[in-house]
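Trainee: Take this sequence and fold it.
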Amino acid sequence: MDNINVATTEPNEINDIINLVCMYYAQLHSNDPRYKSHATNLELVAGFYGKSYNTLKNRKDAYDAKYDNGRMGWHKEGHTLELRRPICYTTYEKYKDLSKDDLEKIANDIIKQIKAMSAPYFSIRTSDVETVSKILEKGSDIVISGINILQDKLKYGQIVFIVLGGDKTKWDKGLVGMGVITREPFDIGYDKSNFRIGIDIKLLLNKAIKRADLVSYKNTFNIIGIGPITKWEPNQALSQIEERKAVALMRAMLELDPNIETDLTNLVGPVVMQRIKGATKRYVEIDVEYGEAINSPGPITYETSIEEGHEEGIVSDSFSTYEATATKTVEYPKYTKEDFLSEVFIKEEQYNAIIELLERKKNIILQGAPGVGKTFAAKRLAYSMLGCKDDSKVKFVQFHQSYAYEDFVLGYKPTETGFTIKPGPFYDFCKEAEANDGKHFFIIDEINRGNLSRIFGELLMLTEASKREESATLLYTKELFKVPDNVYIIGMMNTADRSLAMIDYALRRRFSFFSMEPAFGLKSFKDHFEKIATPKGKLLVAKIEELNKAIENDDNLGKGFMIGHSYLCADDRLSDEALKAIVQYEIIPLLEEYWYDVSSEVKKWSQILLSVLD
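Mentor: Numbers count the residues shown, from 1 in each chain. Predicted coordinates:
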């Protein structure tokens, strides 16, 4: 690739530039000293082209599978680079024959050019009357005094954001425009450690932008002296602004005052202007009643550009048949708290408690006797927090005694020619959650059937809410891995299974536990059963409630062994014959397990339950 120009605005050329840097780091082995700079330089390239670091990391991980580098990368069986990342595959096919040395030269040239063009941005705040007057007149070579920091970073031609401050002023305070440095620091040391600089004003806004005007722009937060504050802010007249935040700030300025577009383009150039007009993250204000889940008012619609979706690693293989500019709209049925309570028989205050526990702890285990609806509730709990039935953000697995770290996270798996490292469902799910905003729910059935320390391995600590976003080194690949903050884990545990030991105490500390009980007495269950049951069915419910009291009072059993209501839940009407079959072939065998050494109790309750159906 000759004559690389990182200032290009051609999308295909930008794509190739980004991918060549990713290919370079992908072909380096993890032990290669040059690989240590990959995170820093990928972040540099990402910021220059208005991408997220995760976007470039995902591309690099996709290329990892193409090289012998000691890493597995982002790979699923059957998901080739061509299908999973078409925008990466195109570049790979064009440049796959480049030698490692040539690829290194190209990548270093790209990084060098970007560093040279990535001059820092600054903000200057002043309340000096004479200086403010010259600024508002769009003056030239305006002297800014009283500066005592960042002396070695202030260079000719660098861009500054202009903020007016002061108390009881005649001018409108806030961000008013932008300019460039025309004189580097001079009069150094006057008044002890102070110095001065000169600036030209290049654009003025039609009205000052306040902090409140920037609340909806995510990446403008915590810009010193300008953006909304979420942490302590130093009181400085001069501050440096990271490039990502500067681009977000200019996007806000352009949207709040479109008349500055010509001046802004002349100031920053076409490459930066393209980034300013690219995709950005905005907060949207909506009205929410007290206690109401934050949901879309109708069926939730996601519209994703195919190119963007493949970059983030969230687009299915079927998307690869679309052109890069095409979009696909996916509609998911709305699902609310009210929908949950109409299907899952628990009280509203219990639902609220579960939500509070999940939001705070990130992990919860629904425990209870057989038939209380743990599995049924888990998926619907996820739907209700998502606000829709989006199965792409819900993953379901079941633990068992043979389940291991290699099945759950990653490990060696046999192939026709030997062994290769393959990811497990938890690894894949965390990677997809990391690349995609919004809550993601990982549901584990029979969580107490597995050897939890063996399954979670070094990730056990990272499941803790306070440890999210921290990293641990994976056993097999030495990759730094984290459990994203937007992953919620819901486990289910059968309290009546006496063959299982108590759950691992290390995991118990990291989970909340919510006990689900039979709902025969709840009005919601009674209303549902009224629609599907015969008169004898209602008598059967009364007898099962008596049975549950006997189980609860049994010293060898207890509440965790009661008969759950889901045995009698159905969409269609339950005939007496159907109810008799449920008792005969589902409930009585369970009682035989409970009272395996007290056959008289089994016989007694079998006769009681069957007698109401004769």
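Trainee: neighbouring contacts of stretch 538-545?
Mentor: For stretch 538-545, contacts defined as C-beta atoms under 8 Å, 6 or more residues apart in numbering pick out 518, 520-521, 529-530, 533, 563, 568, 579, 583, 587, 608-609, 612-613. To be clear about C-beta, it is placed using only N, CA and C from the backbone, and glycine gets the same treatment.
Trainee: Please repeat the previous calculation with a cut-off of 10 Å.
Mentor: 518, 520-521, 525-526, 529-530, 533-534, 562-565, 567-568, 574, 576, 579-580, 582-583, 587, 605, 608-613 (C-beta atoms under 10 Å, 6 or more residues apart in numbering).
Trainee: mind saving the C-alpha coords of it as PDB?
Mentor: Output of stretch 538-545 as PDB, limited to C-alpha atoms (Å, rounded to 0.1, in the frame of the first residue of the first chain):
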ATOM      1  CA  LYS A 538     -60.200 -26.600  43.000                       C
ATOM      2  CA  LEU A 539     -60.600 -29.300  45.600                       C
ATOM      3  CA  LEU A 540     -57.200 -30.700  44.600                       C
ATOM      4  CA  VAL A 541     -55.600 -27.300  45.100                       C
ATOM      5  CA  ALA A 542     -57.000 -27.200  48.700                       C
ATOM      6  CA  LYS A 543     -55.600 -30.700  49.400                       C
ATOM      7  CA  ILE A 544     -52.100 -29.800  48.000                       C
ATOM      8  CA  GLU A 545     -52.000 -26.800  50.300                       C
END
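Trainee: contacting residues around the residue lying closest to Met493 once chain neighbours are set aside?
Mentor: Distance criterion C-beta to C-beta, 6 or more residues apart in numbering; nearest residue to Met493, sequence neighbours excluded, is Gln367 at 4.3 Å. Residues near Gln367 by C-beta under 10 Å, 6+ apart: 374, 447-448, 491-495, 503, 513-516, 560.
Trainee: Which one of the residues you listed is nearest to Ser471?
Mentor: Ranked by distance to Ser471 (C-beta to C-beta), those are led by Gly491 at 23.4 Å.
Trainee: how much space between that closest one and Asp428?
Mentor: Counting by C-beta to C-beta, to the nearest Å, the separation of Gly491 from Asp428 is 19 Å.
Trainee: These two: who's more crowded?
Mentor: Counted by other C-beta atoms under 10 Å, Gly491 and Asp428 do not tie: Gly491 has more neighbours, with 24 against 18.
Trainee: Now do the contacts for the residue nearest to the more buried one when sequence neighbours are not counted.
Mentor: Nearest residue to Gly491 in three dimensions, chain neighbours excluded: Ile447, at 3.5 Å (C-beta to C-beta, 6+ apart). Ile447 makes contact with 365-367, 397-399, 455, 489-494, 503-504, 507, 511, according to C-beta under 10 Å, 6+ apart.
Trainee: at 6 Å instead, please
Mentor: Phe399, Gly491, Met493 (C-beta atoms under 6 Å, 6 or more residues apart in numbering).
Trainee: again, but for Tyr25
Mentor: Going by C-beta under 6 Å, 6+ apart, Tyr25 touches His38, Lys60.
Trainee: from the contacts of Ile447, which is closest to Arg196?
Mentor: Looking at the contacts of Ile447 and their distance to Arg196, the nearest is Gly491, at 63.3 Å (C-beta to C-beta).
Trainee: For that closest one, which three-state class applies?
Mentor: strand (DSSP: H, G, I helix; E, B strand; the rest coil).
Trainee: wouldn't it be in contact with Ile444 here?
Mentor: Yes - Gly491 is within contact range of Ile444, at 4.5 Å (criterion: C-beta atoms under 6 Å).
Trainee: Show me the strands in the stretch 251-400 of the chain, by range?
Mentor: 300-305, 327-332, 363-368, 394-398 (DSSP state E, counting those that start in this stretch).
Trainee: Would you single out the least confident of the ones you listed?
Mentor: Mean pLDDT is lowest for strand 300-305 out of the strands of the stretch 251-400 of the chain, coming in at a mean of 35.
Trainee: List phi and psi for Val598.
Mentor: phi -130, psi 70 (degrees, to the nearest 10).
Trainee: what does Glu184 give?
Mentor: Phi and psi for Glu184, reported as degrees, to the nearest 10, are phi -70, psi 170.
Trainee: Tell me the pLDDT of it.
Mentor: At Glu184, pLDDT is 93.
Trainee: got the contact list for it?
Mentor: Contact analysis of Glu184 by C-beta under 6 Å, 6+ apart lists Tyr156.
Trainee: Tell me how far it lies from Leu150.
Mentor: For Glu184, the distance to Leu150 equals 12 Å [C-beta to C-beta].
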